[in-house]
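Peer 1: Just a sequence and a predicted model for now, questions to come.
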Amino acid sequence: MNIPIIDLHSHSNISDGLLTPADLMFHAAENNVQAIALTDHDDIAGLEEASHAAKKLNIIFINGVEISVTWNKRTLHIVGLNFDKDDKPLFEGLKKIRDGRLKRAQLMSDSLGMAGIQGAFDGAKSYAKSSTIGRIHFAQFLVAQGYAKNIGAVFKKFLTPGKPGYVDHEWISLEESITLINGAGGDAIIAHPGRYDMGSKLYPRLFQEFKDLGGAGIEVMSGSQDPSQANYFSKLAESFDLFSSCGSDFHGKGISHRALGNISQLPDNSIPIWTKWENIKKLFH
Ligand code: AMP
Ligand code: MN
Ligand code: MN
Ligand code: MN
């Protein structure tokens, strides 16, 4: 049997991806993806368009979002999956985060201004389709202006801690993010844990707290982390009784680490999050 291709982490131009939600689904079909979640940063405005397109293409669509969270002075990303997209508190909570993004963007622009780069707010905004303005939009502006040769270089030079375009920002708490996701009937997943570089003491602390707060799973396989970390995280997931998830974290050609749907299989001991979901479970019969 061919293993179904399931990608539970992807971005459209509603946040910092390049493709429209519908075009992302066409691309998923091109890559033989059978089930997909659209997980834009702090925004669910693309779900309706994407789910319609996916339906026509015979792809199973899972509602998703990637919520920005501050935990222990660090930024974490919590993916919400399979929730009711019409849930009011979720809508309001995400709007609050996007308002914070706008304020942060103004401060980033001020900070770049002090470093001699003018007009960054308007410049970044011209790349952001919705109110979900983020660092990638600044990166696109800075590359277009010739301040760095590509997106990777621009993050290193301007958009990471200690650099002129980076400002600290307080996102919502881990608890708030899980409450929003669970309140809408969804499952909360720690996105790309390998990116946080927390060490062998802090990871278990995060997973324990996440589990106690009602978190469901962790991204054992992610396009944003080294595939060699999968075994480490699948064992941790097992020991904290958490499900496993996998996603490419595709953003678009040129800014994404991996191709859409290009995810290796989860390790054997993993219990995939979709074992909770009837629609994806059917793919395995
Ligand atoms: P933000 O949520 O606005 O702080 O932006 C975070 C996003 O920036 C991530 O989701 C990635 O899409 C992107 N990003 C972060 N670091 C890098 C990097 N080094 N190179 C390319 N994109 C990055
Ligand atoms: Mn992103
Ligand atoms: Mn992320
Ligand atoms: Mn992502």
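Peer 2: Looks like it arrived, so ask away. Numbers count the residues shown, from 1 in each chain. Ligands and ions are numbered 1, 2, ... in the order given.

Peer 1: was I right about T20 contacting S12?
Peer 2: Yes - here T20 lies in contact with S12, judged by CB atoms under 8 Å, at a distance of 6.2 Å. All C-beta spots, glycine's among them, are computed from the backbone N, C-alpha and C.

Peer 1: Can you pick out the residue with more neighbours from the two?
Peer 2: S12 (29 against 17; other CB atoms under 10 Å).

Peer 1: Quick check, pLDDT for R74.
Peer 2: R74 carries a pLDDT score of 95 in this model.

Peer 1: Which residues are in contact with the closest residue in space to it that isn't next to it in sequence?
Peer 2: Closest residue to R74 apart from its sequence neighbours, by CB to CB, 6 or more residues apart in numbering: Y196 at 6.4 Å. Contacts for Y196 (CB atoms under 8 Å, 6 or more residues apart in numbering) come out as 74, 76, 206.

Peer 1: and what of S222?
Peer 2: Counting by CB under 8 Å, 6+ apart, S222 has contacts 9, 191-192, 194-195, 246-249.

Peer 1: Buried subset of the residues you listed as a ChimeraX selection?
Peer 2: In ChimeraX, a selection of the buried entries from those looks like this (16 or more other CB atoms under 10 Å):
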select :9,191,192,194,195,246,247,248,249
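
Peer 1: what's the average pLDDT for stretch 105-116?
Peer 2: Mean pLDDT, taken over the full extent of stretch 105-116, equals 97.

Peer 1: Which residues of the chain lie near ligand 1?
Peer 2: If contact is defined as CB under 6 Å from any ligand atom, the residues of the chain in contact with ligand 1 are 16, 41, 68, 134-136, 151-152, 155, 251, 255.

Peer 1: try 8 Å
Peer 2: When proximity is defined by CB under 8 Å from any ligand atom, the chain lies next to ligand 1 at 11, 16, 41-42, 66, 68, 75, 77, 101, 104, 133-137, 139, 151-152, 155-156, 159-160, 169, 224, 249, 251, 255.

Peer 1: buried subset of those residues?
Peer 2: Among these, those buried by neighbour count (16+ other CB under 10 Å) are 11, 16, 41-42, 66, 68, 77, 101, 104, 133-137, 139, 151, 155, 159, 224, 249, 251, 255.

Peer 1: Which of those residues fall within helices?
Peer 2: 101, 104, 135-137, 139, 151 (DSSP state H).

Peer 1: before we move on, back to that, which one of the contacts of S222 is nearest to ligand 4?
Peer 2: Minimum distance to ligand 4 across these is 4.4 Å, recorded for D249 (CB to the ion).

Peer 1: That closest one and G199, how far apart?
Peer 2: For D249, the distance to G199 equals 22 Å [CB to CB, to the nearest Å].

Peer 1: what sits against V220?
Peer 2: Counting by CB under 8 Å, 6+ apart, V220 touches 230, 233-234, 237, 244-246, 266-267, 270.

Peer 1: What is the neighbour count of D122?
Peer 2: Residues contacting D122 under the criterion other CB under 10 Å number 10.

Peer 1: Please confirm that it is located within a helix.
Peer 2: Yes - according to DSSP: H, G, I helix; E, B strand; the rest coil, the state of D122 is that of a helix.

Peer 1: Just the CA trace of the host helix or strand of A29, in CSV.
Peer 2: Assigned by DSSP states H and E, A29 falls within helix 21-30. Presented in CSV, the C-alpha positions along helix 21-30 are these (Å, rounded to 0.1, in the frame of the first residue of the first chain):
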residue,chain,number,x,y,z
PRO,A,21,-5.3,29.6,-0.3
ALA,A,22,-6.9,28.1,-3.5
ASP,A,23,-3.6,28.0,-5.4
LEU,A,24,-2.0,26.3,-2.4
MET,A,25,-4.6,23.5,-2.8
PHE,A,26,-3.9,23.2,-6.5
HIS,A,27,-0.2,22.9,-5.6
ALA,A,28,-1.1,20.2,-3.0
ALA,A,29,-2.9,18.3,-5.7
GLU,A,30,0.1,18.6,-8.0
